[in-house]
Every structure is written in C-alpha cells, then in structure tokens.
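>>> structure for this input, please:
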Amino acid sequence: MLRLIGYLILTFAALPTSAAAFERISDRGAFVAAVGGKDLKIALYGLTLNVEPNGTIEGTAMGWDISGSWAWENGYFCRDMDWSGTAIEYNCQLVELDGDRIRFTVDQGAGEDAVLRIR
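Next comes the predicted model:
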C-alpha cells in the first residue's frame, strides 16, 4: 500500500485525464498566480498540497506529511519532495491549466500526468 501511495505522490497522484482545453503554463509568474495561496487537491487520496511562491511545498496525503521545494526552470516546474520519510526524487514537469484544474506531466511532458483541483 505504501508503495502505491508513494508512486501516486511521485506523479502528484496520476488519474486519467481527458483531452480538455488544458493550456500550457510556461511562465513562473503565471504559475504562481494560478496556485499561490491555494490548495491543490485530489480527494480520492486525501492529497492536499500547497505550492508556495517562496519555493516550498507542503501538504499531506493519506494523513502523512509532504514537504519539498520547487523552482521554475526553462518553462518547467521542477520539484523534489519527501512524503513521510520517503524521498520523491527531483523531476521537471510540464504544467497545464484548465479552469480550476491543473495538470502536471512528469519528465518535461513525456511521462505520466496528474490532475489536481485548485481550491
């Protein structure tokens, strides 16, 4: 079970997505405007993240703490995290926005994706 949850958090909890009108965010300022001071959530996993403008990540999943840091590099959100003592290695991700949904796709858009609600 822990391995499954770790994998989900690795990709920010991958769920199937549709080909909706997601638009790429390639600018740090636009990213911060979309998520700064807000919760990013996937209720199914009890996942809540706060990606702060100062470069920190805090949250919980399945009742366990998440912490980390992030930077904006060459148009990608790059982060490393820790979930209750389990390291989640550094990865740069494509970010796309569709209203109150934000999609992160690992490996600069070449890997798995995850969609979170912005609240």
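
>>> any chance you could map the helices in the chain?
2-10, 28-35 (DSSP state H).

>>> now do the strands in the protein.
For the chain, the strands defined by DSSP state E occupy 23-25, 40-42, 47-51, 56-61, 64-73, 76-83, 86-98, 101-105, 113-118.

>>> ok so, going back, least reliable of the helices of the chain by average pLDDT, please.
If the helices of the chain are sorted by mean pLDDT, helix 2-10 sits at the bottom with a mean of 50.

>>> flag the shaky bits of this protein, pLDDT-wise.
1-20 (pLDDT under 70).

>>> distance check, the closest residue to L47 other than its chain neighbours against W83.
Leaving out its chain neighbours, the residue that sits closest to L47 by CB to CB, 6 or more residues apart in numbering is A61, at 4.4 Å. Where you see a C-beta, it was placed from the backbone N, CA and C, and this is true even at glycine. Distance from A61 to W83, counting by CB to CB, to the nearest Å: 6 Å.

>>> again with K41
In terms of CB to CB, K41 sits 16 Å off from W83.

>>> these two - which one has more neighbours?
W83 (23 against 17; other CB atoms under 10 Å).

>>> I'd assumed G63 was in contact with that one.
No. Using CB atoms under 8 Å, W83 makes no contact with G63, being 11.1 Å away.

>>> quick check: the gap between the residue nearest to R28 when sequence neighbours are not counted and I25.
Of all residues not flanking R28 in the chain, W72 sits nearest, at 3.7 Å (CB to CB, 6+ apart). Going from W72 to I25 by CB to CB gives 10 Å.

>>> pull up the overlap in contacts between those two.
Taking CB atoms under 8 Å, 6 or more residues apart in numbering as the contact rule, W72 and I25 both touch F31.
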